[in-house]
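Sequence first, predicted coordinates after that:
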There are 2 protein chains.
Amino acid sequence: MSRVITVGAAQLGPIEAEHTRADVIERLLVLLRQGAERGCDLVSFPELALTTFFPRWYTDTVDGHDHYFETEMPGTETKVLFDEAKALGVGFNLGFAELTPPDDDGVQHRYNTTILVERDGTEVTRFRKVHIPGHEADEPWRPFQHLERRYFEESPEGFGVHRAFGGLVGLATCNDRRWPETYREMGLQGVELILIGYNTPIHYAPDPGQNALQGFHNQLCMQAGAYQNGTWVVGVAKGGTECGVESLAQSCIIAPSGQIVAQATTCGDELIVAACDLDRCKDFKETLFDFARYRRPELYGRITGQKGVIEP
Amino acid sequence: MSRVITVGAAQLGPIEAEHTRADVIERLLVLLRQGAERGCDLVSFPELALTTFFPRWYTDTVDGHDHYFETEMPGTETKVLFDEAKALGVGFNLGFAELTPPDDDGVQHRYNTTILVERDGTEVTRFRKVHIPGHEADEPWRPFQHLERRYFEESPEGFGVHRAFGGLVGLATCNDRRWPETYREMGLQGVELILIGYNTPIHYAPDPGQNALQGFHNQLCMQAGAYQNGTWVVGVAKGGTECGVESLAQSCIIAPSGQIVAQATTCGDELIVAACDLDRCKDFKETLFDFARYRRPELYGRITGQKGVIEP
């Protein structure tokens, strides 16, 4: 039986501050329908795909951006996307800011979340970003803020892998893609397709020498993660200049060989498509990266035993 | 105080079966002296740099290749290299097959070992290869064997990092470079320079579709390991066609940014040199890859908790 999933990476251009959710959802529906026309089983949208990238602005209180958060998914405005997915028979994943219902202590939590939806419109899982980059406090010296650590809690759950679309599918978000632990945690669950949305400003204030390397680093980490775990990786950007901040586009679909098989060439809304044969994963999982044969976990103790650097 | 180490990657061309150790050491001395002339503090030689890559041949008993192993380092023939290093004030690392003295149970062990030697000719450490690739039994269907798992035991010790050459230096060998755990174990010890020797046949019998990707995969893994840990990486090949088997050359020196700053362009003996400023590591270790701030080891449990894949 064929295990080819046709995947569309639905890159988004900028979402300006004045754009409404309804504006954005209209764009998502256009891309979802393009995906259906091009035979996609799954259309992958970026991180925080419903709103502008609001952590670039400081607010005095942590709830100052709560109007950018979703309290339910699907909600009143997003339900049309789920309905259309079901009607078209095309699944999707979508990044959004999640404000949870109050927990037992009455506390609401804020996560940078992605939902994975099957072709019948039902939720497979939701993933909360594990590696939250940036900073907690206002840093006025920066040309713009990157306050993800103020507005989002770190995922308490980690990286799951799920049976969906006929294969083993995992999720990660933006900065998670720079960390080899992300791919390995999922590789150890046999992942065959990892979906990653991102918003990556070109300007990296703590070390602007890295600005010109953003495209290189983006590819490097995702290609290495794909190869070293024998998995397809789909990286989907919100790119272009949004509210004056230029962000990396270059969405791409990467084979288990590490090769890029499709790449966006614009900085705007753009769908790229690839037929991803999940059986290609075996070429790597059963040879060089036969973990059960070759790994040495008894010698990796520092990776889980310590958080920061301990010099000899 | 400057923390620039000038490193020479001393690629070797083929060592044929009929070449003696004396032949090879003469070549190593030429490269070491070239390194001194070009201002090197350290010259890095490849894996199994004293002999042909003998695991390509099966022998009925495991001791059938013992004449390719060293029982002491320095030994009678290799001492000249240590003496010349001291005279020139140039350190080196050198890969060799190590046959240990009998342990308490009278057992001798065989390791794929690299020794690191300071500019005064003294040993800093020796590293034994952790990830042994290939196979244990004769597999006559292959055009040549890759019997490392027959002739070498896996390192019982893992990846150490050592104060040497004014910085924090670690070692890895060949297949170790494909595993992100290799770099991370050393990254968590603050490593600033990782020295990796390799012998990589172009033909990968279990999946020849990977043959054309050998150069890409070689760079991909080392560049990702460098960037994701903010460390210099030096990859040094024994390349060219040795005993009829073509091996990857493309030795390279990689900056903490992941950029290749020097690369060999021949398949023979060739020295490439780069001035490696160890302080550049901070650009990454203290920003994006500030492990103490951003890592989530409590969510990486599978990496040390299991060896092989466990599907959901």
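Happy to help now that I have it.

show me the contacts for A:C174.
Applying C-beta atoms under 8 Å, 6 or more residues apart in numbering or on different chains, we find A:C174 in contact with A:47, A:112, A:129, A:133, A:196-200. (Each C-beta comes from the backbone N, C-alpha and C, glycine too.)

How about A:S247?
The contact partners of A:S247, taken as C-beta under 8 Å, 6+ apart, are A:14, A:53, A:199-202, A:237-241.

Give the bridge partners for it, please.
The residues listed as beta-bridge partners of A:S247 by DSSP bridges are A:P201, A:G240.

State the distance from it to A:T6.
27 Å (C-beta to C-beta, to the nearest Å).

could you show me where the helices are in chain A, in order?
Along chain A, counting by DSSP state H, helices occupy A:21-37, A:79-88, A:148-151, A:180-187, A:214-229, A:282-285, A:291-294, A:301-305.

how about the ones you listed, which one is nearest A:V273?
For those, proximity to A:V273 was assessed by C-beta to C-beta; helix A:21-37 is nearest, at 7.4 Å.

which parts of the closest one are buried?
Residues of helix A:21-37 classed as buried under the neighbour-count rule (16 or more other C-beta atoms under 10 Å in any protein chain shown) are A:21, A:24-25, A:27-28, A:31-36.

next one: stretch A:34-52
Using 16+ other C-beta under 10 Å as the burial criterion, the residues of stretch A:34-52 that qualify are A:34-36, A:40-52.

pLDDT of stretch A:132-150, averaged?
Mean pLDDT, computed over stretch A:132-150, is 98.

picking up where we left off before, which of the contacts of A:S247 sits closest to chain B?
Minimum distance to chain B across these is 11.1 Å, recorded for A:T200 (C-beta to the nearest C-beta).

what residues are up against that closest one?
With contacts defined as C-beta under 8 Å, 6+ apart, the neighbours of A:T200 are A:174, A:214, A:218, A:237, A:247-248.

Format those as a markdown table; extra columns: pLDDT.
Conversion of the contacts of A:T200 to a markdown table gives the following (pLDDT from 0 to 100):
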| residue | pLDDT |
| --- | --- |
| A:C174 | 98 |
| A:Q214 | 98 |
| A:N218 | 98 |
| A:A237 | 98 |
| A:S247 | 98 |
| A:L248 | 98 |
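
CSV please, covering these and showing distance to B:N93.
Formatted as CSV, the entries for the contacts of A:T200 read as follows, by distance: C-beta to C-beta, whole Å:
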residue, distance to B:N93
A:C174, 38
A:Q214, 34
A:N218, 33
A:A237, 41
A:S247, 42
A:L248, 38
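
The residues you listed: which two are farthest apart?
Counting by C-beta to C-beta, the most remote pair of these is A:C174 and A:Q214, 12.2 Å apart.

if I look at A:N229, how far off is B:T125?
According to C-beta to C-beta, A:N229 and B:T125 sit 30 Å apart.

okay, these two: which has more neighbours?
The residue with the greater number of neighbours, taking A:N229 and B:T125 and applying other C-beta atoms under 10 Å in any protein chain shown, is A:N229; the counts read 30 against 17.

ranges for the strands of chain A?
A:4-11, A:42-44, A:91-99, A:110-117, A:123-128, A:161-164, A:167-173, A:193-198, A:232-237, A:240-242, A:245-247, A:252-254, A:260-263, A:270-277 (DSSP state E).

Tell me where the model's unsure across chain A.
Per-residue confidence for chain A (pLDDT under 70) gives these ranges: A:1.

who touches the nearest residue to A:Q263 once chain neighbours are set aside in this structure?
Closest residue to A:Q263 apart from its sequence neighbours, by C-beta to C-beta, 6 or more residues apart in numbering or on different chains: A:C252 at 4.3 Å. Contacts for A:C252 were tallied using C-beta under 8 Å, 6+ apart; they are A:9, A:219, A:222, A:234-235, A:260, A:262-264, A:272.

how about the residues of the stretch 1-150 of chain A that lie near chain B?
Within the stretch 1-150 of chain A, the residues that sit near chain B (C-beta under 8 Å from any C-beta of the partner chain) are A:130-133.

ok, back up a step: buried ones among the contacts of A:S247?
Neighbour counting with 16+ other C-beta under 10 Å marks A:14, A:53, A:199-202, A:237-240 as buried within the contacts of A:S247.

Do I have it right that A:F159 meets A:A172?
Yes: taking contact to mean C-beta atoms under 8 Å, the distance of 6.7 Å between A:F159 and A:A172 places them in contact.

Distance to B:T78 for the strands of chain A - can I get that in CSV?
Formatted as CSV, the entries for the strands of chain A read as follows, by distance: least, C-beta to C-beta, whole Å:
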stretch, distance to B:T78
strand A:4-11, 54
strand A:42-44, 55
strand A:91-99, 57
strand A:110-117, 56
strand A:123-128, 54
strand A:161-164, 49
strand A:167-173, 48
strand A:193-198, 47
strand A:232-237, 45
strand A:240-242, 59
strand A:245-247, 55
strand A:252-254, 44
strand A:260-263, 45
strand A:270-277, 50
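
how near is the residue nearest to A:Q263 to A:L168?
Computed as C-beta to C-beta, the A:C252 to A:L168 distance reads 21 Å.

Find the nearest non-adjacent residue to the residue in the stretch 151-300 of chain A positioned nearest to chain B, please.
The minimum distance from the stretch 151-300 of chain A to chain B, using C-beta to the nearest C-beta, falls at A:A292 (2.7 Å). Once flanking residues are discounted, A:A292 sits nearest to B:G308: 2.7 Å by C-beta to C-beta, 6+ apart.
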